[in-house]
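Enquirer: all I have is the shape, not the residue letters:
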């Protein structure tokens, strides 16, 4: 029996390839499905099943394309209601994979259709593919399906508790847990960096599994939940209703445009210019009003958070040779409407004499020499939890996730101000957004808070609530 986790760091997502006696099952596949087909062919095996643990919110699954190309059926657990042909399994139903068995465990709570799949070898439970029901160190957030289920997050959390206590906790400690996500995913709040673990260890250390009562569990898992990214419902809809084939998306997006064609498209189509180069390169020269989200970070989730609408047309500026990777990673979160990319990149743009913009990026040492604590206006775009842990004295916390709400407050700010994050990735995103909105009177700090702290700038862990609210 072969069990392989295919982990994608950008999405903090785990897909699974199971092979036994020439038969393959894929669990929660990514949007690009050719690697699964190639792997099965290499093993001399045939894909027999495509299992989905639920309707994913943070990425677009490859279930439809994989089913069309392999002929394998798509299988959901009870309560699923997709708008395409599939198998809706019953709780406890079993599917043969070679001489092994995959058992359906309906575990509602994260969503109503949430289901875990239990692998049994020689009748013995060995692996649990827990989807978003059970993470390592956490459980799935119970607030995403409130509207669809017509239930409160507390009611869903109570349902999740029953699922965990009745379906998961009785399983043997030796069972390996393979979740759909790890640290960095917005589907939970307290996930471990590890991507697989024994159920016994989770029973010992997972805070959610160690609450003294159902009421305590509900309070613990609903406490401190941040609003989910705005693109989540759109990804759910695509996973539930269907989407354009991955091949078609790639064919459309891999269209090189000359600077003149690119400029015309930007002016006439309403497309947003997305620049995926690193912050260190972007700062020096970019197409005016571009948004910078570098491929070298959590690219796809930040595109979802900043662009929000998956139907927003895009034009791309990338490092040479990174066009295809950019399109693949955009498609994973449903951003399929790409009109093309700037052929030759910024070198071609500048050679054509086109207008460029830049970001005034300064070092932490320069920042230290320029600011006056109590007088300088400093924006910290990290998460509130990061800010609460430690921050520059008198800095204001304005998380990047909500820049669409707070940037308006800066349009009337006449003086110079400073922007930083933890390491420079998020602050350059913020800088590009501010510039696209016509706000230019700021300096962005290279290296972020890490470099600022190393430079010896005064900092504190005291939080004044007014500083979290004031802009």
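Expert: Received it, and whenever you're ready, just let me know what you need. Just so it is clear, the model here is predicted, and its values are computed rather than measured. Residues are numbered from 1 along each chain as shown.
Enquirer: okay, now residue 269: neighbour count?
Expert: A total of 13 residues lie near residue 269 under the criterion other Cβ atoms under 10 Å. Backbone N, C-alpha and C define where each C-beta goes, glycine included.
Enquirer: I'd say it and residue 314 touch.
Expert: No: with the criterion set as Cβ atoms under 8 Å, residue 269 and residue 314 do not qualify as a contacting pair; they are 9.9 Å apart.
Enquirer: okay, and the common contacts of these two?
Expert: Both residue 269 and residue 314 are in contact with residue 339, where contact means Cβ atoms under 8 Å, 6 or more residues apart in numbering.
Enquirer: so who does the nearest residue to residue 456 once chain neighbours are set aside touch?
Expert: Computed as Cβ to Cβ, 6 or more residues apart in numbering, the closest residue to residue 456 that is not its neighbour in sequence is residue 368, at 6.8 Å. The neighbours of residue 368, taking Cβ under 8 Å, 6+ apart as the test, are 452, 455-457.
Enquirer: and the strand or helix carrying residue 368, how far out from the chain's middle?
Expert: Taking DSSP states H and E as the definition, one finds residue 368 inside helix 364-370. Relative to its parent chain, helix 364-370 has a centroid offset of 33 Å by Cα atoms, centre = their mean, to the nearest Å.
Enquirer: spell out the secondary structure type for residue 126.
Expert: Under the three-state scheme (DSSP: H, G, I helix; E, B strand; the rest coil), residue 126 adopts strand.
Enquirer: run through this protein and note the low-pLDDT ranges.
Expert: Under the criterion pLDDT under 70, the flagged ranges of the chain are 462-471.
Enquirer: my guess is residue 450 contacts residue 420. True?
Expert: No: when contacts are counted by Cβ under 8 Å, residue 450 is not listed as touching residue 420 (9.7 Å).
Enquirer: neighbour-wise, which of the two wins?
Expert: Taking residue 450 and residue 420 together and counting by other Cβ under 10 Å, residue 420 has the greater number of neighbours (30 against 14).
Enquirer: what are the bridge partners for that one, then?
Expert: Beta-bridge pairing of residue 420 under DSSP bridges involves residue 380.
Enquirer: distance-wise, check it relative to residue 461.
Expert: According to Cβ to Cβ, to the nearest Å, residue 420 stands 17 Å off from residue 461.
Enquirer: can you give me the strands in the stretch 301-450 of the chain?
Expert: 314-317, 338-342, 361-362, 377-380, 391-392, 396-397, 417-420, 442-445 (DSSP state E, counting those that start in this stretch).
Enquirer: quick one, which of those gets closest to residue 75.
Expert: Comparison of the strands of the stretch 301-450 of the chain against residue 75 by Cβ to Cβ identifies strand 338-342 as nearest, at 31.3 Å.
Enquirer: give the contact list for the spatially most central residue of the chain.
Expert: Central residue of the chain (Cα atoms, centre = their mean): residue 301, 3.6 Å from the mean position. Residue 301 sits next to 10-11, 58, 184, 186, 229, 333 when contact means Cβ under 8 Å, 6+ apart.
Enquirer: ranges for the strands of the stretch 101-250 of the chain?
Expert: Shown for the stretch 101-250 of the chain, the strands assigned by DSSP E, counting those that start in this stretch span residues 115-121, 124-131, 176-179, 197-198.
Enquirer: so for residue 84, which of the strands of the stretch 301-450 of the chain sits nearest?
Expert: When the strands of the stretch 301-450 of the chain are compared by Cβ to Cβ, strand 338-342 sits nearest residue 84, at 24.2 Å.
Enquirer: given that closest one, what are its sheet partners and their directions?
Expert: Sheet pairing for strand 338-342, assigned by DSSP bridges, gives strand 256-257 (parallel), strand 314-317 (parallel).
Enquirer: list of residues touching the shortest one?
Expert: Defining contact as Cβ under 8 Å, 6+ apart, one finds that strand 256-257 is touched by 265, 315, 323, 339-343.
Enquirer: which two of those have the greatest separation?
Expert: Checking the contacts of strand 256-257 against each other with Cβ to Cβ, the farthest-apart pair comes out as 265 and 323, at 15.3 Å.
Enquirer: settle it for me: which of those two has more neighbours?
Expert: A side-by-side neighbour count of residue 265 and residue 323, using other Cβ under 10 Å, places residue 323 first with 24 against 19.
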